[in-house]
Structure formats: C-alpha cells, structure tokens
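# need a structure here:
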Amino acid sequence: MITTQQTKVLKGADMTWDLMPNHVELYHREIVSAAEADGMGIRTSSVLWEKIGVGGQVLPHYHDVVEIIHITVGQVRLLCNGEWRDYEAGDTFQVPAGVVHSVANRGDAPSEQISIFLPAEQDVPSNSFFNTTLVDDVYSASIR
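Residues are numbered from 1 along each chain as shown. Just a heads-up that it's a prediction; the model follows:
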C-alpha cells in the first residue's frame, strides 16, 4: 500500500556511517529502508550507500535478492564469477541472487558504492512502466 505522498530529502552531511557487522571496515548509510520502499509502493529490501575503508572488504557471501552495486569512489577488487578482478569508480556490478560475491578496497583511500537490493522472482512480466508527464511551468526554478 502506497502511504508516502511527499518527497523526502536525506542530506549526506546529516547521515552517520554505521559499521556493518561480519565484514572488514565496511560502513553504510541507509538511503531507502524496506519500510520506506513499502511506503512508496516499490519492491526493494533496501538501498545502501556503503564505504569500505582501506584494507576493508565485504566478505564473500550470497543472498536471496539481486544486488546492483555501483562504485562511486575509489578502486575495488570484485569476486566476480569465481575470480578476483579490479574495477574503479563508475563501474557497476549486476549480481544475481544466489551468486557468491565480494568487494574489497584495493586503494589507499576509502572506496564508496551504492548497493540496491531487489527481489528475484520467477515469471516476472516484462517491464512496461516509467511514463513521464511534464507539468505546468509554474514549478520551474530559476537556475541562475
């Protein structure tokens, strides 16, 4: 049931980095919780902004959801299809449910990533949504 009717703004400067248990130097900020997703009528378990400290690692694991990981800062090593490979800011990983994966910081400064966790379901209908409707110019803001 959709209950959220207003845009919510999360200011990065106001968010704290929480240590993730069971990993090495892994911190996160929750961008969208499961409860917030439910309120917006979307199917996701969470969206996280993650930071891996120097020498840190998201230890090898798998889960029952799909994970999309977008590296925004730094250099990482990804356990990808059974092999470790090097990647950097701007690279994105699409990890299917049930696939073992790991991300390790390989740089000399913290790396950061956005991780989106989505349900994996059989027989999902083709995506046929995402319509944009422009509204009256009354909402346009001056950018000068």
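# what's the helix or strand for residue 55?
Residue 55 belongs to strand 46-61 when assigned by DSSP states H and E.
# where along this structure do the helices fall?
Shown for the chain, the helices assigned by DSSP state H span residues 34-40.
# Just want the most central residue of it.
residue 115 (1.9 Å; C-alpha atoms, centre = their mean).
# What are the contacting residues of the lowest-mean-pLDDT helix or strand in the chain?
In the chain, no helix or strand scores lower on mean pLDDT, DSSP states H and E than helix 34-40, which sits at a mean of 91. By C-beta atoms under 8 Å, 6 or more residues apart in numbering, the residues outside helix 34-40 that reach it are 1-4, 8, 32, 43-47. No exception for glycine: its C-beta is placed from N, CA and C like everyone else's.
# Repeat that for stretch 72-91.
Contacts of stretch 72-91 (C-beta under 8 Å, 6+ apart): 52, 60, 70-71, 93, 99-107, 109-114.
# pretty sure residue 19 is touching residue 29, no?
No - taking contacts as C-beta atoms under 8 Å, residue 19 lies outside contact range of residue 29: 11.6 Å.
# before we move on, back to that, could you turn the buried ones of the contacts of stretch 72-91 into a ChimeraX selection?
The ChimeraX command for the buried members of the contacts of stretch 72-91 (criterion: 16 or more other C-beta atoms under 10 Å) is given here:
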select :52,71,93,101,102,103,104,105,106,107,110,111,112,113
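# and the contacts of stretch 72-91, which of them are in strands?
With strands taken from DSSP state E, the overlap with the contacts of stretch 72-91 comprises 52, 60, 70-71, 93, 101-105, 111-114.
# Kindly reformat those as CSV containing pLDDT.
Conversion of those to CSV gives the following (pLDDT from 0 to 100):
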residue, pLDDT
52, 98
60, 96
70, 98
71, 98
93, 97
101, 97
102, 97
103, 98
104, 98
105, 98
111, 98
112, 98
113, 98
114, 98
